[in-house]
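[1] mind looking at a prediction? Sequence and model below.
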Amino acid sequence: MRTALCPGSFDPPTNGHLDIFETAARLFDHLVVAPIRNPGKGTPLFSIDERVEMLCDTLCHLDNVKVVAMAKLTVDVARDVGADVIVKGLRVASDFEYELQQAQMNKAISGIETVFLPSTSQSSFIASSLIRQIAQFGGAARVHSMVPDVVARRLLEKFPA
């Protein structure tokens, strides 16, 4: 049985993330989705607990997916959950440079491989940072088609129109 770990900030989870999760869930026997607080991305819009809850609601249709909060090195979480591989989604070419460096570092310190999955053309432009920015400036209702329903509701609660 092959288990994959898909780590990321997912702040908020988007339909682009969902595409990657669904693809990985088809490719692997088990998928663990692990949101993390990424200090390089500033103050999060949603807490880890909120993101875990939204991801659980969004992914409940996938029987082989589990969501766990991450508070340590990705490779240590991978070991803890028995992951054989780390899965990272790529939206655009510039994502590859950063993700490749991370993959090489993770391989060097743990031996774990990383698999890259490209986003679909329908979601390659969707970025959590843009969703946050649009919502914060009064456009939460405008991003409904780019995020799962539970996320759209949470955005509207935080930023009523």
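    Sure, I can see it. Keep in mind that what you see is a predicted model, and the values were worked out from it rather than measured.

[2] where does pLDDT dip in the chain?
    Nowhere does the chain drop to pLDDT under 70.

[3] can you check which helix is longest in it?
    As assigned by DSSP state H, the longest helix anywhere in the chain is helix 93-110.

[4] in its sheet, what does the helix or strand that comes right after that helix sit against?
    Following helix 93-110 in sequence order, the next helix or strand is strand 113-118 (DSSP states H and E). Listed by DSSP bridges, the sheet partners of strand 113-118 and their directions read strand 85-90 (parallel).

[5] just the CA coordinates for the strand it pairs with, please, in CSV.
    Provided in CSV are the C-alpha atoms of strand 85-90 (Å, rounded to 0.1, in the frame of the first residue of the first chain):
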residue,chain,number,x,y,z
VAL,A,85,6.2,10.0,-1.0
ILE,A,86,5.5,13.7,-0.7
VAL,A,87,3.1,15.1,-3.3
LYS,A,88,3.3,18.8,-4.4
GLY,A,89,1.0,20.6,-6.8
LEU,A,90,2.4,22.9,-9.4
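
[6] now the angle from it to helix 93-110?
    If you take axes from the mean of the first three to the mean of the last three CA atoms, to 10 degrees, strand 85-90 sits at 160 degrees to helix 93-110.

[7] report all helices and strands that the longest helix of the chain contacts.
    Here helix 93-110 touches helix 74-81, strand 85-90, strand 113-118, going by 3 or more CB pairs under 8 Å, 6 or more residues apart in numbering; DSSP states H and E. Quick note: C-beta positions are derived from backbone N, CA and C, even for glycine.

[8] let's have those in TSV, adding distance to D63.
    Output for the helices and strands packed on helix 93-110, formatted as TSV (distance: least, CB to CB, whole Å):
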stretch	distance to D63
helix 74-81	17
strand 85-90	18
strand 113-118	20
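
[9] for this protein, which segments count as helices?
    Here the chain has its helices, by DSSP H, at 15-27, 48-59, 74-81, 93-110, 128-134, 149-158.
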